[in-house]
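In: A predicted structure for the sequence below; I have some questions about it.
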Amino acid sequence: MMHPRNLYNKPPDFSELRIQFPEFASKVKIDIDGKSKLDFKDPESVRVLTQCCLKKDFKLNINLPVNKLLPTLPLRLNYIHWIEDILDYCQLKENVIGVDIGTGASCIYCLLAIRLNTNWKMFALEIDDENIKFARENVANNELENQIKVIDQDKSEKIFQKLFEHDSGQKTFTICNPPFFSSANQLQIGQNRTGKRKRQSSGYLEASSETVFFEGGELGFVTKILEESLKLKGKIEIYSTMFGCKKNFQSFVTKLKCMKIDNFTTTELVQGKVVRWAIAWSFSKSLNNFMDQAKVKQNEKTADNRKSNILTFAIKDMEFKAIHEKIMKIFEDLRITTKVLKREDEQYYCYELEASENTWSNQRRRRRAEMRNEEMTSKNSSSLAPRENLQMGFELSRNENESIVKMFFINGTMSKDCVNQVLQYIKNRIK
């Protein structure tokens, strides 16, 4: 279901729009029953519909360039209404300042947010020069320059650096529709954002690489937001983002838990058959544990999936430091790279692991796999062939009389069973 406050719970009246907007009338066909029909597979028809709905329902004159990503209006409204619910529950009603990470050419989130909440202010972050030009024009055309500031990221490697250089004050929340794909290859092989179904033609190929591509895809981009949020903490009260792939969303939830970030909430954003997932987390002491009690609290099914994905075992009669050093040596021998996410000396370690090959299975099975890979490489030497990889989470913590090892699958082309194999490899060599 769409959010109950979403205006488009009742579909737009095409007959009314056809009368009011000549540009829309040219895109509509009348069937034998006299009903107005629109071809939703035609990007130009959807673009004109979106512009007309924005004019009619929100008094917004927005230019949606034909060579840029086309925002889905009901889905954007779902996200904004969800943020409104969180702020309302937390009683954050005054001096609300939002941040849109990657606003795009339309600047749609900021413009809708201000129309729905006239006392808010928004910062729109964007890295693409052409997108910045269109976004600023859309803000100016609606005379909202005093409430919306478009920030040129200027190729900054840090997401929030330019924002706080421009305005050092505390911000209330972030919203983000992250880059979808990790490379042009992933786009060209025709997968949709979930990776399961063939994607219909769209404007993705015409959009700028900064907009739709990011190394590591949406999970990599959101992980970068998380890493920066760990340093900024309460400089932004509530961090939030959307996910287009459920697997990435679940992996990120597990990553938060591994890092002992418990103050978060999740939701599903639904538009017809399209489902997206959103998550919000906070470090603000004044909002401690608000997520657990809010009416927008996380879906129990997601929590169950998170628990079932974590593998664990206990180690006794060995010093914590020695265990950590031994396991790090095992990862080094297996050519598994490690990235520290959180560390509390002698108490807790949390790492993100990445393997580009299976080095832990027995030699016979590994030789077979190598032979299969060689055959596949000779048959398909195209650059579109996916690279084998596995991302895992690793946690080592100390209890009273034992140390606890936890591992979980994050992402990758290798199977989830490989995580169990690595864990078993550690168990066989740690004792």
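Out: Great, that's in hand. Predicted, not measured: the structure shown is a model, and the values here were computed from it.
In: can you give me the mean pLDDT across the helix or strand Lys339 falls within?
Out: Secondary structure from DSSP states H and E places Lys339 in strand 337-344. The pLDDT scores in strand 337-344 average 85.
In: in contact with the residue nearest to Asn309 when sequence neighbours are not counted, which residues?
Out: Closest residue to Asn309 apart from its sequence neighbours, by Cβ to Cβ, 6 or more residues apart in numbering: Phe408 at 5.0 Å. Every residue, glycine included, has its C-beta placed from N, CA and C. Contacts here follow Cβ atoms under 8 Å, 6 or more residues apart in numbering; on that basis Phe408 touches Thr254, Cys258, Asn309, Ile310, Leu311, Met392, Gly393, Val419.
In: tell me the pLDDT at Lys35?
Out: Confidence score, pLDDT, at Lys35: 83.
In: repeat for Val46
Out: 93.
In: element containing Ser403, please.
Out: Assigned by DSSP H and E, Ser403 falls in strand 402-412.
In: next one: Thr265
Out: strand 264-271.
In: packing partners for that strand?
Out: helix 73-89, helix 246-258, strand 274-281 (3 or more Cβ pairs under 8 Å, 6 or more residues apart in numbering; DSSP states H and E).
In: switch to 6 Å and redo it
Out: If contacts are counted by 3 or more Cβ pairs under 6 Å, 6 or more residues apart in numbering; DSSP states H and E, strand 264-271 sits against helix 73-89, strand 274-281.
In: quick check: closest non-adjacent residue to Leu334.
Out: In space, Leu334 comes closest to Thr359 once its chain neighbours are excluded; the distance is 4.6 Å by Cβ to Cβ, 6+ apart.
In: quick one: the closest residue in space to Lys59 that isn't next to it in sequence from Ile132, how far?
Out: Leaving aside its sequence neighbours, Lys59 sits nearest to Arg115 (Cβ to Cβ, 6+ apart; 7.2 Å). Going from Arg115 to Ile132 by Cβ to Cβ, to the nearest Å gives 21 Å.
In: and the two? Which one has more around it.
Out: Ile132 (22 against 17; other Cβ atoms under 10 Å).
In: which residues does the helix or strand the more buried one falls within contact?
Out: Here Ile132 sits within helix 129-141, counting by DSSP H and E. The contact list for helix 129-141 (Cβ atoms under 6 Å, 6 or more residues apart in numbering) reads 61-62, 65, 103-105, 107, 124, 126, 145, 148, 150, 152.
In: are any of those residues buried, and which?
Out: Applying 16 or more other Cβ atoms under 10 Å to these, the neighbour count classes Ile62, Pro65, Thr103, Gly104, Ala105, Cys107, Ala124, Glu126, Ile148, Val150 as buried.
In: from what I can see the first one touches Cys52, true?
Out: Same thing as Ile62. No - contact criterion Cβ atoms under 6 Å: Ile62 and Cys52 do not qualify, at 10.5 Å.
In: what bridges to the residue nearest in space to the middle of the chain?
Out: Nearest to the mean C-alpha position of the chain, by Cα atoms, centre = their mean, lies Phe243 at 3.7 Å. Taking DSSP bridges as the rule, Phe243 bridges to Trp277.
In: buried set for the helix or strand hosting Gly393?
Out: Under the criterion of DSSP H and E, Gly393 resides in strand 390-398. Judged by neighbour count (16+ other Cβ under 10 Å), strand 390-398 contains these buried residues: Leu390, Gln391, Met392, Gly393, Phe394, Glu395, Leu396, Ser397, Arg398.
In: appreciated, that's everything.
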